[in-house]
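Enquirer: Model the following, please.
(chains A and B)
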2 protein chains.
Amino acid sequence: MHYWFFTSPVLKSLPGNALVGNLRNLHYFKPLLQSTKNRPSVETITTLKQDLIKNLGRDSVSDTEAIRKQHSRDEGVERHNHLADLVVWPKSTEECSIIASLCSEKKVPMIPFGTGTGLESGVCAPYGGISVDMSKMDQIVDFNPEDFDVTVQPGVTRKGLNHFLKDHGLWFPVDPGADASLCGMTATSASGTNAVRYGTMRENVLNVEVVLADGRVLHTAGENRRSKKSSAGFNLTNLFVGSEGSLGLITKATLKIYGIPEMMLSAVCAFTTIKAAVDTCVQILQSNIPIARIELMDDVAMDMCNSHNKLDYKVAPTLFLEFHGSEDSVKSQAKFAGEIAAYNGGSEFCWAYESEERNRLWKARHDIYWTTLQSNPGCRAIITDVCVPITRLPDLIAQTKADIQESGIIGPCLGHVGDGNFHTFLVFNPNKPEEFKKAETLAERMTRRALDLNGTCTGEHGIGIGKMNYLEKEMGPVGIEMMKSIKKTLDPHWLMNPGKIFLSDY
Amino acid sequence: MHYWFFTSPVLKSLPGNALVGNLRNLHYFKPLLQSTKNRPSVETITTLKQDLIKNLGRDSVSDTEAIRKQHSRDEGVERHNHLADLVVWPKSTEECSIIASLCSEKKVPMIPFGTGTGLESGVCAPYGGISVDMSKMDQIVDFNPEDFDVTVQPGVTRKGLNHFLKDHGLWFPVDPGADASLCGMTATSASGTNAVRYGTMRENVLNVEVVLADGRVLHTAGENRRSKKSSAGFNLTNLFVGSEGSLGLITKATLKIYGIPEMMLSAVCAFTTIKAAVDTCVQILQSNIPIARIELMDDVAMDMCNSHNKLDYKVAPTLFLEFHGSEDSVKSQAKFAGEIAAYNGGSEFCWAYESEERNRLWKARHDIYWTTLQSNPGCRAIITDVCVPITRLPDLIAQTKADIQESGIIGPCLGHVGDGNFHTFLVFNPNKPEEFKKAETLAERMTRRALDLNGTCTGEHGIGIGKMNYLEKEMGPVGIEMMKSIKKTLDPHWLMNPGKIFLSDY
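Expert: Numbers count the residues shown, from 1 in each chain, chains lettered A, B, ... in the order given. Down below sits the predicted model:
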């Protein structure tokens, strides 16, 4: 039995990365191996391929190995080398419905594929089946600027949407860093740096069109409905937000959008301790300052940020902040926040007024993952994603940093501190299994610690394959049973992205 | 067959109200009559009563008719006169679990009862069974001021919680007007005047403890978990928010809380047309002003508001606004909003600076329902609750007002305009069936119009019994099937608050 690390398309373009060899004993992997569920037979796939070509056209179906490989990996550490049997590119909801009907009839798994920017192996195909690449469905299908809503097909990405919205003085603020597809973000319950003010996908999706496993089309809030709130029956929308493709193919999402603030002002402020930075954050939130972004970076992250972006920030625990609003309001917010930071021993704010300067600053923040990899040629990194009540953060980060230091692994820490969510990038050389083991042990300890501190194993990346065993500890047996029984009700043959979030019992 | 209007305890204390007689032909009622599901037998209830007394104590169980009546009515127009067979008062989650196990064993329905301040007959017992009054579970069980979260038992009310939080400089902003219980608000997906800034219950519930129909205890986000965000598996929390007691007994809710803003400033501004007021609201939202409240009242509502509160506001379409933040920020927000209002022909802002003045203003706003009833002694009112995309609001309100005028019915309009949600109080004399019919026809036309305008039949009151037939139109057959199948999975014997949201198929 072999396990592979694949490099993602993005990684391939970075200097110093190489396709790397097999590694044994990935413990995350074990439950999958225990499953008795089999891949579809060659005959089934052959017939299905013909049926799909007949219905979708020859250009929309592929069984080329390179394409199947590309569709079975994301930007995280790969935990599985099983490829889908076919890749299909539907062009409409109707075609998705045909795909689902055909797959359902033949009991073939379906795995939705957006941009492949996920981190928890959500797109791989442990039971084979059909990878459904949604990139050809890339239209903005409804746009209501004065109602602050937009409806997109799954191929529309976050940056693509914001490019379109900009001319209308509007934007969609949920920002996970990567240029993910909006329906992929919906499926993963993504968030990012703006969540402290604008919420996550959970708060910003108004309606979802889904093709269910049997081909039926569901509108989670009713067809074409887009009211800002509703208490009409069960909240199906938020059942599909974060379902990671395991309940259906998301074919449309209706999103809340926002007016671009008159002014956006960013600031950077260094502290002597992580605790002082977190205390500042708590007090800012307590003062009801409608802060748009408040991000923490530790000294290791700041050092990388400086050296790779030709910046000269102090190498110390640092807050990146951003204020949105009218000019007066922004100035007032910033002044108040500055006073709170000073009270906690923070440095003077270092300001970024201009859009270009702000973009450079936030790009430096978002790029730390790539910066980390570039600083360590040939290496990969496990990205952790715990989220805890905010007061638990200083201790958790301190313990984690001590652990990292002791292990000798490189591991910058940074986080959406306003939400209690933080990431570490635990660097390892894939040719050195003992390094991977160390990184994995660190990740496991940190995640178990977060769970002991009333937190979650994933603030925004999802469960995928990588965090299945943590989910059980997090939710407890009744919670897992509930989720499984809902899955079984909506997808009785367990065909939608099987082997993710939790395993089937049969 | 008789149908009854009950007066609620609150209504009883108002002058001019009387318990009123039976009315035939309530069309909402028909589907229930078609159901073949029967009430539990007298023998079943007798045995169950003994079992409950044995487990909970004699004081915790009652079959007195007056108490059963009181527990089968809320503050809305009653659409059913069937009482629960027993009322029980559990004192703990364990006791709730015992109740559910006993009822489940004997296939007896359970109907949760909070404060009875709902509006859609959610507490009545069309199939008999046990009304579970949660008022004895009234403790704040966990409080983490610096993490901005609190966990409450179902007997804790909104005002009670805010009284407790005030001393800590904190508050819970979701404000449906009534002093509802927080778990009742969770069950109904309540919202109210602050939702435009702080969101509804959907955005403010972090975790829910639920006793399922079979007695198992579920923590929707895992036991004791209270991180601000999570993407760990299906969002069970939001499946239970808005489930109206039909999936389980909510025994705890963990809520987001907020710092009390340094300054709160309210303002009132009159316009010549509804459209000008709504345009003002759209532009304020578009400018990203973090407005805390923006409420619309029509001329009829303003007239009532004036005469019953000794106020002298202009009798015209009016916005009530509120700004929260630091002093500088509030002033800046208010100035900017004032400019937008003036641009749309609004009057000068009339300010309420002091807490007492603000409270009087918002009390006048919240009391309009009672004011409406007091102005029309002996009358009741159907309260509508549609919510549409904001640009659809002016036309919908204009058509509705024309309809109301033509009908001769009294019907003030007011709404959470920032969310596109508005209410009318359609007044009728319960001794005049033709008046009720008129009010009901108006409500129906308005609701169907809202549904045609991409809206929902209920922004915040829930479906209960009153809006079941609209839900079908709103969600479509696949949506209803999904909801029913989820219900069946979690509550296979259809015991949790049956006959609400939708009817069982068997």
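Enquirer: what about A:N497, distance to chain B?
Expert: Between A:N497 and chain B the distance, using CB to the nearest CB, to the nearest Å, works out to 13 Å. (Each C-beta comes from the backbone N, C-alpha and C, glycine too.)
Enquirer: Test for you: state the pLDDT assigned to the nearest residue in space to that residue that is not next to it in sequence.
Expert: Excluding its sequence neighbours, the residue lying closest to A:N497 (CB to CB, 6 or more residues apart in numbering or on different chains) is A:G245, at 3.9 Å. According to the model's per-residue confidence, A:G245 sits at a pLDDT of 97.
Enquirer: what's near enough to touch A:G245?
Expert: When the contact criterion is CB atoms under 8 Å, 6 or more residues apart in numbering or on different chains, the partners of A:G245 are A:111-112, A:122, A:187, A:496-497, A:500.
Enquirer: top of those by neighbour count?
Expert: Top of the contacts of A:G245 by neighbour number is A:A187, holding 32 neighbours under the definition other CB atoms under 10 Å in any protein chain shown.
Enquirer: mind listing the helices for the stretch 51-200 of chain A?
Expert: With DSSP state H, counting those that start in this stretch as the criterion, the stretch 51-200 of chain A has helices at A:65-70, A:93-106, A:158-166, A:182-188, A:195-198.
Enquirer: Just put those in TSV and tack on distance to chain B.
Expert: Formatted as TSV, the entries for the helices of the stretch 51-200 of chain A read as follows, by distance: least, CB to the nearest CB, whole Å:
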stretch	distance to chain B
helix A:65-70	25
helix A:93-106	12
helix A:158-166	12
helix A:182-188	6
helix A:195-198	6
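Enquirer: Pick the most deeply packed of those.
Expert: With neighbours taken as mean count of other CB atoms under 10 Å in any protein chain shown, the helices of the stretch 51-200 of chain A reach their highest mean count in helix A:182-188, at a mean of 31.
Enquirer: follow-up on the earlier one: could I get the helices of the stretch 51-200 of chain A as CSV with distance to B:L206 and mean pLDDT?
Expert: What follows is the helices of the stretch 51-200 of chain A, written out as CSV (distance: least, CB to CB, whole Å; pLDDT from 0 to 100):
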stretch, distance to B:L206, mean pLDDT
helix A:65-70, 38, 96
helix A:93-106, 34, 98
helix A:158-166, 26, 97
helix A:182-188, 19, 97
helix A:195-198, 14, 94
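Enquirer: May I see these arranged in a markdown table, with distance to B:E75 as well?
Expert: Formatted as a markdown table, the entries for the helices of the stretch 51-200 of chain A read as follows, by distance: least, CB to CB, whole Å:
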| stretch | distance to B:E75 |
| --- | --- |
| helix A:65-70 | 59 |
| helix A:93-106 | 42 |
| helix A:158-166 | 42 |
| helix A:182-188 | 37 |
| helix A:195-198 | 35 |
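Enquirer: ok, which stretches of the stretch 301-450 of chain A are strands?
Expert: A:318-325, A:350-352, A:380-383, A:413-416, A:421-428 (DSSP state E, counting those that start in this stretch).
Enquirer: can you tell me which of these the model trusts least?
Expert: Least confident of the strands of the stretch 301-450 of chain A, judged by mean pLDDT, is strand A:350-352 with a mean of 88.
Enquirer: Quick check: neighbours of that strand in the sheet, parallel or antiparallel?
Expert: For strand A:350-352, sheet partners with direction are given as strand A:263-270 (antiparallel), following DSSP bridges.
Enquirer: relative to strand A:318-325, how tilted is the strand it pairs with?
Expert: Using axes from the mean of the first three to the mean of the last three CA atoms, to 10 degrees, the inter-axis angle of strand A:263-270 relative to strand A:318-325 is 160 degrees.
Enquirer: Quick check: mean pLDDT of strand A:263-270?
Expert: In this model, strand A:263-270 carries a mean pLDDT of 94.
Enquirer: Residues in a beta bridge with A:C350, which ones?
Expert: Applying DSSP bridges to A:C350 gives these bridge partners: A:V268.
Enquirer: what's the first-to-last distance across stretch A:346-359?
Expert: As for stretch A:346-359, its first-to-last residue distance stands at 23 Å under the measure CA to CA, to the nearest Å.
Enquirer: Now do that stretch: distance to the chain's middle.
Expert: Relative to the centre of its chain, stretch A:346-359 is centred 27 Å away, using CA atoms, centre = their mean, to the nearest Å.
Enquirer: residues of that stretch that come out buried?
Expert: The neighbour-count criterion (16 or more other CB atoms under 10 Å in any protein chain shown) identifies A:346-347, A:349-350, A:352, A:358 as the buried residues of stretch A:346-359.
Enquirer: Rebuild the residues you listed as TSV, extending it with distance to A:H461.
Expert: As requested, the buried residues of stretch A:346-359 are exported to TSV (distance: CB to CB, whole Å):
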residue	distance to A:H461
A:G346	30
A:S347	31
A:F349	31
A:C350	30
A:A352	28
A:R358	25
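Enquirer: A:Y369: neighbour count?
Expert: 19.
Enquirer: same deal with the one 5 residues further on?
Expert: Here the count is done by other CB under 10 Å, and A:Q374 has 16 residues near it.
Enquirer: so it touches A:H308, yeah?
Expert: Yes - assessed by CB atoms under 8 Å, A:Q374 is found in contact with A:H308 at 6.8 Å.
Enquirer: Low-confidence regions, the stretch 1-150 of chain A specifically.
Expert: Regions of the stretch 1-150 of chain A meeting the criterion pLDDT under 70 cover residues A:1-37.
Enquirer: How about the contacts made by the closest residue to chain B within it?
Expert: When distances are taken as CB to the nearest CB, the stretch 1-150 of chain A approaches chain B most closely through A:D147, which lies 3.9 Å from it. With contacts defined as CB under 8 Å, 6+ apart, A:D147 is in contact with A:226, B:389-392, B:420.
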